[in-house]
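*Asks:* How does the following fold in three dimensions:
(chains A, B, C and D)
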Number of protein chains: 2
Amino acid sequence: MDQIELVRDFNRFYTQRLGVLNDHYLGQGRPLGEARLLFEIGDGADLRELRSRLGLDSGYLSRMLRSLGAAGLVTVGSHPSDGRVRTATLTPAGRRERADLEARSRDSVAALLDPLTPAQRERLLEAQASVRRLTRLATITIEAVPDDTASARACLHAYAGELDLRFPEGYDPATLIAPGTLTEGAFLLAREAEQPVGCGLWQGAGPIAEIRHVWVSPDARGLGLGRRLLTAIEQDAAAHGITTVRLGTHPVLTEAIALYRASGYRAIPAYGSSPYDQLAFEKRLQAT
Amino acid sequence: MDQIELVRDFNRFYTQRLGVLNDHYLGQGRPLGEARLLFEIGDGADLRELRSRLGLDSGYLSRMLRSLGAAGLVTVGSHPSDGRVRTATLTPAGRRERADLEARSRDSVAALLDPLTPAQRERLLEAQASVRRLTRLATITIEAVPDDTASARACLHAYAGELDLRFPEGYDPATLIAPGTLTEGAFLLAREAEQPVGCGLWQGAGPIAEIRHVWVSPDARGLGLGRRLLTAIEQDAAAHGITTVRLGTHPVLTEAIALYRASGYRAIPAYGSSPYDQLAFEKRLQAT
DNA sequence: ATATTTCTCTGACTATGGTCAGAGGTCGTG
DNA sequence: CACGACCTCTGACCATAGTCAGAGAAATAT
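*Replies:* Okay, here's the model as predicted:
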């Protein structure tokens, strides 16, 4: 069996087992859609938000809320500051039912874990964490976007804010590449489920280009996304005729430096004018 | 976050990602139920079997088959030897559609694996295999059943057949416990999704009991089921006032012997009359 | 040979999930 | 204040999934 078949086989297996679990604990009288809605409302939520989170048609949502309302589980009121928006809140009975669902779900998982020894439970959790990390990494997309899109700028500002905290001397956001000035090079944006989670760019007319602003969002760290981003930037640069990339970095960014070394970068004398780039690295790209 | 929450979180994450994948490749015009049916028919299958495999109502199955038949994908004929049973077969067009579904499913998985390095793919597969092994182990049930039920006897005969192959001198099935004679003790049966996958029994009026016929089906090996079974037998025996268990075994059963040693059994002089029990082990049980 | 069981099909029915067009209220902008 | 954009609700649809009772044919037990 090849890798693809193994993965498919796992997916089939796991959805089957999960399906049995889920249907069992959620299928207690209430239809699945309404049960999920009950979950998502939590401590009150705007309908607009619920719609986008659950991907529902407005008519459909409205009808489900009416049904939950008739059962005395939910009340729908108006938004305090925007009269168009309505807000759903759980009644005490709704909160009770939601807690019931939660408890049943927890029970079914507890029953699953029960036959395992503590060591086996540990191993299961580790393996699940690995599957999850690698699946997340694999489903993150990396794509070239103009450097003045909202997502790109958001990443850059997060990057600047973080450096400002980490550098003893702080970081001046004016150091960032100015919007719309990346004419020779490319800005790559990493997205997970449409949310931006990382970025990086290469810049220069060739044959040498500079790699800058490589950043990974805190909640996407530990996945190996930094390495994927760096590789993607190198490949994109190489495809545009770049033969050598270099970059400057700051001594406090030890993980980044380790990544560069592990990716085949060699230290070179600092070349740039930026006061932050106290260290510099270089890598010769293979034509692919 | 405690273990239960971690597992729930993984399950939510994985079903969401899978849901996206599945809906994408299966949701190509054909309803999910019919697509699954197309898969399961494969190279022809009896309706009775399809019904039990997919858990369908006979009317529902019949209607779906009519719909697939009208689309020219399936033909339903009679069973050659049993006129009541009908058999579904894919037409060439049905096989083509099925192959299409397969290909789309493979493609979506291939796209998932693509961004990963070979080492990461390896790690993903290993982690999935671990999750699967442990989930299988955890969902296997172990239950006391009368020793003359069909499932119990089936396990015992599989056990005897296997010993007959492994022992140089063969194994005489008459050595097995006779049906219905286990009055002092208990026969424990392990089941995975209702299918028997292992067994074992303890026997004796106490305070010493004998453990016999511990067996794990070949396709459930490597999960740790042997250990779970042994523990379950010991617990059941202890709950019935047994303070010491002993067992005899054959020198060629090296994995079993390793399991006994690892589970706290000490070698004792052979005590039994059975010619196969050339080695013997004993363990004192803790009152729980 | 007759009764019972097994298997499939049919038609009627229900629930759930989901889409669509339009009505009507509310907000921000010119 | 008029207009367009935004948000929600309503009612009318539709497809899929699933259940149920009963009829009819074939096999099996008595």
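*Asks:* Show me the domain layout of chain A.
*Replies:* Residue ranges of the domains in chain A are recorded as A:3-115, A:140-284, according to automatic domain parsing.
*Asks:* hmm, the one helix or strand A:Arg227 maps to in reach of chain B?
*Replies:* Secondary structure assignment for A:Arg227, by DSSP states H and E: helix A:225-239. Yes - in terms of C-beta under 8 Å from any C-beta of the partner chain, part of helix A:225-239 sits within range of chain B, namely A:Arg228. To be clear about C-beta, it is placed using only N, CA and C from the backbone, and glycine gets the same treatment.
*Asks:* need the next SSE after that helix, C-terminal direction.
*Replies:* Reading on from helix A:225-239 to the C-terminus, the next helix or strand found by DSSP H and E is strand A:244-249.
*Asks:* For whichever helix or strand comes after that following strand, what is the distance to the chain centroid?
*Replies:* For strand A:244-249, the following helix or strand on the C-terminal side (DSSP H and E) is helix A:254-262. The chain centroid and the centroid of helix A:254-262 are separated by 22 Å, computed with C-alpha atoms, centre = their mean, to the nearest Å.
*Asks:* near chain B at all, helix A:254-262?
*Replies:* No - for a cut-off given as C-beta under 8 Å from any C-beta, helix A:254-262 has no contacts with chain B; the smallest distance is 12.5 Å.
*Asks:* And that helix, what does it pack against?
*Replies:* Counting contacts by 3 or more C-beta pairs under 8 Å, 6 or more residues apart in numbering or on different chains; DSSP states H and E, helix A:254-262 is packed against helix A:225-239, strand A:244-249, strand A:279-284.
*Asks:* so which of these comes closest to DNA strand C?
*Replies:* Of all the helices and strands packed on helix A:254-262, the one in closest proximity to DNA strand C, counting by C-beta to the nearest atom of the strand, is helix A:225-239 (31.1 Å).
*Asks:* got the buried residues for the closest one?
*Replies:* Buried positions in helix A:225-239, judged by neighbour count with 16 or more other C-beta atoms under 10 Å in any protein chain shown: A:Leu225, A:Gly226, A:Arg227, A:Arg228, A:Leu229, A:Leu230, A:Ala232, A:Ile233, A:Glu234, A:Asp236, A:Ala237, A:Ala238.
*Asks:* again, but for stretch A:250-265
*Replies:* For stretch A:250-265, the buried set under the neighbour-count rule, 16+ other C-beta under 10 Å, comprises A:His250, A:Leu253, A:Ala256, A:Ile257, A:Leu259, A:Tyr260, A:Tyr265.
*Asks:* Is it possible to get a markdown table of these that adds pLDDT and distance to DNA strand D?
*Replies:* Formatted as a markdown table, the entries for those read as follows, by pLDDT from 0 to 100; distance: C-beta to the nearest atom of the strand, whole Å:
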| residue | pLDDT | distance to DNA strand D |
| --- | --- | --- |
| A:His250 | 93 | 42 |
| A:Leu253 | 94 | 40 |
| A:Ala256 | 94 | 40 |
| A:Ile257 | 95 | 45 |
| A:Leu259 | 96 | 41 |
| A:Tyr260 | 96 | 44 |
| A:Tyr265 | 95 | 46 |
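*Asks:* Please, where are all the strands along the stretch 101-250 of chain A?
*Replies:* A:141-145, A:185-192, A:195-203, A:208-216, A:244-249 (DSSP state E, counting those that start in this stretch).
*Asks:* Reformat those as JSON lines; add mean pLDDT.
*Replies:* What follows is those, written out as JSON lines (pLDDT from 0 to 100):
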{"stretch": "strand A:141-145", "mean pLDDT": "95"}
{"stretch": "strand A:185-192", "mean pLDDT": "95"}
{"stretch": "strand A:195-203", "mean pLDDT": "94"}
{"stretch": "strand A:208-216", "mean pLDDT": "95"}
{"stretch": "strand A:244-249", "mean pLDDT": "94"}
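*Asks:* ok, which residues in chain A are in contact with DNA strand C?
*Replies:* If contacts are counted using C-beta under 7 Å from any atom of the strand, the residues of chain A sitting beside DNA strand C are A:31-34, A:56-60, A:63, A:82-84.
*Asks:* do that again at 10 Å, thanks
*Replies:* For chain A, the residues in contact with DNA strand C (C-beta under 10 Å from any atom of the strand) are A:26-27, A:29-37, A:54-64, A:67, A:78-86.
*Asks:* spatially speaking, which residue is in the middle of chain A?
*Replies:* A:Glu192 (4.3 Å; C-alpha atoms, centre = their mean).
*Asks:* which residues does that one bridge with?
*Replies:* Counting by DSSP bridges, A:Glu192 is bridged to A:Gln195.
*Asks:* which residues sit in contact with it?
*Replies:* A:Arg136, A:Thr139, A:Ile140, A:Ala220 (C-beta atoms under 8 Å, 6 or more residues apart in numbering or on different chains).
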